[in-house]
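Colleague: Predicted model follows, preceded by the sequence.
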Amino acid sequence: MKNCRFLASLFGLVLFAGTALAGNGAPSGSHYNLNIIGVPKDKTAAMTSSNMHVIFVPLWGNAKINLCDSDACADGGFQVLDGNGTDGNGALFALPSPDPDGNGTTDYSVFARALGQPNNSADMTTCATGAGDDGVFGTADDELVCSEITLTLDSTTRPSKFQNVSKYLLYVYADVDGDGILDRVPLFGDSLQDFYWNYDNNGLKLAQLRFYPCSSTIPSATDPTGVTTDNCGRTGN
């Protein structure tokens, strides 16, 4: 886990002293907000402002939110580089490598909740492509690999509460090396490339994501449905 000075720089905010659960289920303190908004019509305007905290996606249907390591594609931290997920290119979101050591303990945590009309939902799955020929990593170049676990954001539950969704959005659980056993690959891990979130919207108008400077311990590769624990003042699902 990075030290506190690194995390303060990462989030561009003063770190909080300790954490406490707010009424909406989220930890209190500094964080980065990202809103994913479902819209009935495609957007045409350029959405590349560095101050954006919004990504637009179709209200119904599929969208691609491309991900890049912000140390390589931005100035570090979190940044929406392209907020238009309604076009053929998809959106682009820069975020730091969450688990550079690949040990299952993250440098930051992601919490999410769904808002909008009841009975609407969206599914988010972390995907990537192979980073090597068969026999090297077991997954060929350009072969699509999606995580075995999918985050379902459902607006039916009231009141809507934030949940720790780090294992869904920061990792791919898949058999990457071809040995018939699941592997757990963090975003920007060497065995995969071209990471993205596949966002399948079923009428959800707003998904709220919050990135907090606190660590999570992610379930092992062989237990993707296991419980995520964190030091953010709560236990996620």
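Modeller: That came through fine.
Colleague: When you work out contacts or count neighbours from here on, use the C-alpha atoms and nothing else.
Modeller: Fine.
Colleague: how about low-confidence regions in this structure?
Modeller: The model of the chain has pLDDT under 70 over residues 1-22, 50, 132-141, 158, 234-237.
Colleague: Once you drop chain neighbours, what's closest to the residue positioned nearest the centre of it?
Modeller: Residue closest to the mean C-alpha point of the chain, counted by CA atoms, centre = their mean, is residue 169 at 3.2 Å. Nearest residue to residue 169, sequence neighbours excluded (CA to CA, 6 or more residues apart in numbering): residue 126, at 5.8 Å.
Colleague: same thing with residue 63?
Modeller: If the residues on either side of it in the chain are set aside, residue 63 comes closest to residue 199, at 5.1 Å by CA to CA, 6+ apart.
Colleague: burial measure for that neighbour, as a count.
Modeller: 22 (other CA atoms under 10 Å).
Colleague: Now it: which helix or strand?
Modeller: Per DSSP states H and E, residue 199 falls inside strand 192-202.
Colleague: Just checking: what are the partner strands of that strand?
Modeller: Counting by DSSP bridges, the strands paired with strand 192-202 are strand 60-69 (antiparallel), strand 121-130 (antiparallel).
Colleague: need those in CSV with mean neighbour count, can you?
Modeller: Below are these laid out as CSV (neighbours: other CA atoms under 10 Å):
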stretch, mean neighbour count
strand 60-69, 21
strand 121-130, 23
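Colleague: Of all these, which one comes closest to residue 81?
Modeller: Closest of the strands paired with strand 192-202 to residue 81 is strand 60-69, at 9.6 Å (criterion: CA to CA).
Colleague: Show me how far the closest one is from its chain's centre.
Modeller: Distance of strand 60-69 from the chain centroid (CA atoms, centre = their mean, to the nearest Å) equals 10 Å.
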